[in-house]
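Participant: with the sequence up front, the predicted model follows.
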Amino acid sequence: MVKTAVLASGSGSNFENLVLASREERNSKYSIELLIVDKLSAYAVERAERLGIPCYSLNPKVFPNKAEYEKEIVRILSENEIEIVALAGYMRIIAETFLSAYKGKIVNIHPAYLPEFPGKDGIGDAFKAGAEHTGVTIHYVDEGVDTGEIIYQERLKIEKDWDLDKLKEEVHKIEHKIYPMTLEKICQKMREEN
Ligand code: GRF
């Protein structure tokens, strides 16, 4: 199994779902080894405890700069022999130190159909724009904001009577379906290439 780490800043529903999906899959190609959060108050921390997944909380403010903060992330990942990183609601831009250490091995899930509605609030932005469709995108992470190579996308029609909460719910449903599925495929490919 490909040793995988998840990075999150918030609720962690995608993190939990990735763990459960891999545990339920008979022949899962990935295993979630650890969670890293950038704030202890993230609800993802409680989920990790419940799931028995080791959780590292790193406060970026206690590091002299971003490079040092990312060095510590890379140290934790290397120490645990992590091969791939799945971002799941991690609200920071990944910089050079981290990117170069895990080149082509960091994936992100974005709650819109990129390149439409990049940035922090993909769901809210699609809703406010009155878009007829939105979606979910899984992509590799590069130095830009939600600009990396797209791996998989799914469209979602926004029905006229949906409020923002309903849209969030429907987006999350798609996320929870496609993130484990896509990670399985990526990890299978990684093993075939090795
Ligand atoms: C998801 O909508 C994901 O697409 C975005 O952040 C949200 C995280 O949700 N990047 P959760 O913390 O996994 O519930």
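Facilitator: Ah, there it is. Numbers count the residues shown, from 1 in each chain.
Participant: burial of residue 34, as a residue count?
Facilitator: Other residues near residue 34 come to 19 when the count uses other CB atoms under 10 Å. C-beta coordinates here come from the backbone N, C-alpha and C atoms, glycine included.
Participant: and residue 39, by the same measure?
Facilitator: Neighbours of residue 39 using other CB under 10 Å come to 16.
Participant: for the ligand, what is the nearest residue in this structure?
Facilitator: Shortest the chain-to-the ligand distance, computed as CB to the nearest ligand atom: residue-wise this is residue 89, at 2.6 Å.
Participant: okay, the nearest residue to that residue once chain neighbours are set aside: pLDDT?
Facilitator: Leaving aside its chain neighbours, residue 89 sits nearest to residue 10 (4.6 Å; criterion: CB to CB, 6 or more residues apart in numbering). pLDDT recorded at residue 10 is 96.
Participant: residue 159 should be in a helix, yeah?
Facilitator: No: Residue 159: not assigned to a helix; according to DSSP: H, G, I helix; E, B strand; the rest coil it is coil.
Participant: how much space between it and residue 169?
Facilitator: Residue 159 is 12 Å from residue 169, where distance means CB to CB, to the nearest Å.
Participant: average pLDDT for the longest helix along the chain, rounded please.
Facilitator: For the chain, the longest helix by residue count, based on DSSP state H, is helix 164-193. Summarised as a single mean, pLDDT over helix 164-193 is 97.
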